[in-house]
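>>> Have a look at this prediction, sequence included:
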Amino acid sequence: MRHPGRVALLLLLLLGGAAAWEARRFVVGFPTDPLGPRAFPWFASALLVLCAGVALRLPRAAPPVRMEGEDPHGAEGAVDATGPDGEPATGDAAAPAPADDDPLPALLRPVLAALSFLAFALLLEPLGFVVATTLEFGVLALLFRGRLLPGLAAGAAFAVVSFLFFVQLLGLPLPLGFWMGAP
Amino acid sequence: MEFLDPLLLGFSVALEPLNLALAFAGVLVGTTVGMLPGIGPINAIAMLLPLVFVSGVGPASALILLTGIYYGSQYGNSISTILLNVPGTASAVVTAIDGHAMTRQGRGGEALALSAIASFAGGTLSILGLVLLAPALSAWAIRFGPAEYFALMVFAFAALSGLAKGGVARALAATGLGLLLATVGMDPNSAVPRYTFGQLRLFDGVDFVVVTIGLFAVSEVLLALFPGSGTGAAPAAYGRIGLPFARWFRHRWTLLRGTVVGFFTGVLPGAGGTIASFLAYGVESRLAEDDRAFGEGDERGVVAPEAANNAAATGAMIPLLTLGIPGSGTTAVLLGALLGLNVTPGPFLIERQPEVFWGLAASMVVGNLFLLLLNLPLVGLFVRVLRLPTWILMPGVAALSFVAVYAVNRSAFDLVLMTGFGVLGLILRKGGIPLAPVVLGLVLGPLMERNLRRALALSGGDWGVMFSSPLAVGLWVLAGVALLGPLLRGWRARRLRGTGG
């Protein structure tokens, strides 16, 4: 992604605009309360559009403090480890990213992974939890530069253990797949 | 001291066998998950939340489990920070400085021990603050009417956004997104379906768990697939775990200072473990007569931030439990969890469900104790998990997320939604847009709208009611300060740079 910042902000802008547009339809024939169902969505989308728009026009300022719970891998992918005095912290708190010679385009793996998640969602009920999970694990292992067979093996192990844990221990039904007679 | 009786009640709840087991399990599981590279407390809680819901235990027990997970994942985070130099949260970044330096000197085990003890001390001492302040704050919080609550939530958003990475504009935009997501579903007042697009499953809104797991855990997996995001080195050798009593007793004042700084920072909405740990580190290094070692493996550089961020975690519980207003992304997730368990935090929590509040306080002490006693000996085991290669670890995280989401409603549609939020989370993170305000907006949105409508309904449509009480006005002013403060500071800094050049 060339300009991830702008892509994200544009997306937000579009979402806000679309939401405001859709909210026009939220009308009710009788007054329920002074605000009505449209007001809050409009307010939220206005906030979204306005702030995304402002952020788009501003130059990218240096990020100040990160919030609790936020990942340190921001857009730059490196940890911003300046000490409290503003000087760079000694002791190399920034995780050194290993040089990566990946022959595939950067976006390909995440896109494939996302597609595999969708496939998993579709195939979970027909194939059953164990098979679907095993396959998904295998695919992801490949995407993460592992090998297929060990990935499938690990997936099968994980699937069986978690199946037992959830079904037997917690009593949570998981899909068995059409070969076990499930609909 | 009138809190002794309720505290005894709390301990009687906390020491019930089920709750003891849950505290232990929470700490153990939380540490394991929190230890995974890049996974911090918020991801861990999000991923394990469905387990809590599905287990069917009562609210007090569920909260105990959740807190165990919270503490455990914070400690697990410290493990991967100190040993691997991969902090999973910003609050751990400070610990990484001296902590990992100690590891490189072969003193990793001591750093881990210090981190455990400091976390224990910070966490336990700050519970005293919680127990003393929360009831008082609750009594006062009853004066909050709908207009005041609305203003308070505006302040919480303003404070969080003012301090956010990437700047105020991005954080507010993220807030707007969260608020918008909160409106999805059937409007309770008018029965108008909003943004449901005919999907029956969306009538109740987007599930909080689906959004959180998608935004945090799934996006983490997707992010890790980008080149250059590898964590690299395996954990370095860390020597003996443990520290003679005299060694860490030497740091008792550092512990105390870190705890106090952390606690009061944590109480403020918006500020959390991150600011707390930076502040504590800064205070300590400035107060030290001999500060040469800071940055090179000074033990105080581990003790201060670790005590501070645990104390801050406890402090952040205060606005959450007494006002029902979370001050951070993690407490927002906890609020979502509480609401899902039919516990309504707020001024009446202590009064109506005292066993929840006091049981929680007591189990925080118990949980901290478990952390200390169990995790030190078990670190060796945990580290073995860390040695698992990425191609097993990350698919494991993904698989856990899928099961977790499916467990909530047994709906494959939720998995599709989760993937969508995962992609959204990826785009936002790559784009430098903070995620915590999205969660905050999602959780607080319905409350905000409800309070606004109630206030206006009561006043017959008169907007003046929003500013009628001094409390409300005060909160609006604070919100303004929280938003404008950082903007002014940035503007002044730019001007100074311009003239100083």
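Done, it's in.

>>> Just want the most central residue of chain A.
A:A114 (9.0 Å; Cα atoms, centre = their mean).

>>> Just the pLDDT for it.
Listed pLDDT for A:A114 reads 94.

>>> B:D414 too?
91.

>>> buried set for the helix or strand harbouring it?
Per DSSP states H and E, B:D414 falls inside helix B:412-430. By neighbour count on 16 or more other Cβ atoms under 10 Å in any protein chain shown, the buried set for helix B:412-430 is B:412, B:414-430. All C-beta atoms are positioned from the backbone trio N, CA, C, and that covers glycine.

>>> of those residues, list those near chain A.
B:A412, B:L415, B:V416, B:M418, B:T419, B:G422, B:V423, B:L426, B:I427, B:L428, B:R429, B:K430 (Cβ under 8 Å from any Cβ of the partner chain).

>>> what's the spacing between B:I350 and chain A?
Distance, B:I350 to chain A, using Cβ to the nearest Cβ, to the nearest Å: 25 Å.

>>> in terms of contact, does that residue touch B:V131 like I think?
No. Using Cβ atoms under 8 Å, B:I350 is not in contact with B:V131, being 10.6 Å away.

>>> any idea which element the residue in chain A sticking out farthest from the centre lies in?
Among residues of chain A, the one most distant from the C-alpha centroid is A:F30; the distance is 40.1 Å, by Cα atoms, centre = their mean. According to DSSP H and E, A:F30 maps onto no helix or strand at all.

>>> repeat for the one 10 residues further on
Under the criterion of DSSP H and E, A:F40 resides in helix A:36-57.

>>> hmm, which helix or strand of chain B has the shakiest average pLDDT?
In chain B, the helix or strand scored least confidently by mean pLDDT, DSSP states H and E is helix B:245-249, which has a mean of 71.

>>> what helices or strands is the following helix or strand past that one leaning on?
Using DSSP H and E, the helix or strand that follows helix B:245-249 towards the C-terminus is helix B:252-267. Contact here means 3 or more Cβ pairs under 8 Å, 6 or more residues apart in numbering or on different chains; DSSP states H and E; on that basis helix B:252-267 packs against helix B:108-141, helix B:273-287, helix B:300-318.

>>> Would you tell me which one of those helices is buried the most?
helix B:300-318 (a mean of 32; mean count of other Cβ atoms under 10 Å in any protein chain shown).

>>> orientation of that helix relative to helix B:108-141 in degrees?
30 degrees (axes from the mean of the first three to the mean of the last three Cα atoms, to 10 degrees).

>>> Which elements pack onto helix B:300-318?
Against helix B:300-318 (3+ Cβ pairs under 8 Å, 6+ apart) you get helix B:59-84, helix B:91-104, helix B:108-141, helix B:252-267, helix B:273-287, helix B:329-340, helix B:354-386.

>>> Centre of the chain to the third one, how far?
Read it as helix B:108-141. Put simply, helix B:108-141 sits 14 Å off its chain's centre (Cα atoms, centre = their mean, to the nearest Å).

>>> Helix B:59-84 and that one, what's the angle between them?
Going by the same axes, to 10 degrees, helix B:108-141 makes 140 degrees with helix B:59-84.

>>> So is helix B:108-141 next to chain A?
No. Judged by Cβ under 8 Å from any Cβ, helix B:108-141 stays clear of chain A, getting no closer than 11.9 Å.

>>> name the helices or strands packed onto that helix?
Partner elements for helix B:108-141 (3+ Cβ pairs under 8 Å, 6+ apart): helix B:59-84, helix B:91-104, helix B:245-249, helix B:252-267, helix B:300-318, helix B:349-352, helix B:354-386.

>>> rerun that using 7 Å as the cut-off
helix B:59-84, helix B:91-104, helix B:252-267, helix B:300-318, helix B:349-352, helix B:354-386 (3 or more Cβ pairs under 7 Å, 6 or more residues apart in numbering or on different chains; DSSP states H and E).

>>> and the residue of chain A nearest chain B?
Proximity to chain B, evaluated over chain A using Cβ to the nearest Cβ, is greatest for A:A8 at 2.4 Å.

>>> If anything else comes up later, I'll come back, but that's it for now.
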